[in-house]
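**Student:** sequence? don't have it. structure:
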Ligand code: ACM
């Protein structure tokens, strides 16, 4: 199975320009699954919630989604992409799974980072795994990485590959994802953006270094910090079904959830 990411530099507020850039970059791509960054069409550093309202879209009535679904049909692949989602009077920092048949699943970021708490509503959709070709994929978004419960829940739901659209501004995530993949024996594709959102109210710089990690925490590839890159690699998702750390230690079966009760408080 061929999986990977597209790391690029979105321009804040230029939705059509960002969509065209992605379509241009992926037009020749041969892959099964490509992950894009968080909020790759709207940009990230909103002034306030009112500005989110001007850029968010309902995925069921979105020319952005229509163009990307057409690309999936044309190239016969799946995309996981960040998306500023409008649903009635709510606004979510979401990830969409798109395929040749259109929108297959939506995930809404559960753990909002810093000022996102003023811009978005917190996610309200359970963590589940979706079938994509020979694999099951799970989605989480950027800062969700710091809550190990997210990757663990996706692994328990059967995910072989964690698709992780990101707009990282801190430096800890990439290394930490090696641990998430070791403890859960899953693949992870972290698709980060680079460049900066320079706005009248301030500037945020993003750290790039998108990566693909294999079970046992093996780093298969990491992008440069500030460079565009489309990276696709061949993996065997079946490797994520082997949860044995030693002949007598199954990472999921050996858990002792009756001793984890504080996790549910
Ligand atoms: C982040 O969650 N975008 C840092």
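**Tutor:** Received the coordinates, thanks. Please read these numbers as outputs of a predicted model, since none were measured by experiment.
**Student:** Please, where are all the helices along the stretch 1-150 of the chain?
**Tutor:** Assigned helices in the stretch 1-150 of the chain, in chain order: 15-26, 49-55, 63-75, 116-119, 148-156 (criterion: DSSP state H, counting those that start in this stretch).
**Student:** got a list of what residue 68 touches?
**Tutor:** Counting by Cβ atoms under 8 Å, 6 or more residues apart in numbering, residue 68 makes contact with 19, 22-23, 79, 81, 98. Any C-beta I mention is one placed from the backbone N, CA and C, and that applies to glycine too.
**Student:** should've said residue 244
**Tutor:** Counting by Cβ under 8 Å, 6+ apart, the residues that residue 244 touches are 250-251.
**Student:** What residues are bridge-paired with it?
**Tutor:** residue 250 (DSSP bridges).
**Student:** shaky segments in the stretch 101-250 of the chain?
**Tutor:** For the stretch 101-250 of the chain, no stretch is flagged by pLDDT under 70.
**Student:** What residues does it have near the ligand?
**Tutor:** Applying Cβ under 6 Å from any ligand atom, we find that the stretch 101-250 of the chain lies next to the ligand at 113, 142-143, 167-169.
**Student:** can you pick the most crowded of those?
**Tutor:** Ranked by neighbour count (other Cβ atoms under 10 Å), these have residue 142 at the top, with 29 neighbours.
**Student:** Touching, it and residue 169? I think so.
**Tutor:** No. Applying Cβ atoms under 8 Å as the test, residue 142 and residue 169 come out as separate, 9.1 Å apart.
**Student:** returning to that earlier point: output the helices of the stretch 1-150 of the chain in a markdown table; the columns should cover distance to residue 86.
**Tutor:** A markdown table is the format used below for the helices of the stretch 1-150 of the chain (distance: least, Cβ to Cβ, whole Å):
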| stretch | distance to residue 86 |
| --- | --- |
| helix 15-26 | 13 |
| helix 49-55 | 7 |
| helix 63-75 | 12 |
| helix 116-119 | 12 |
| helix 148-156 | 24 |
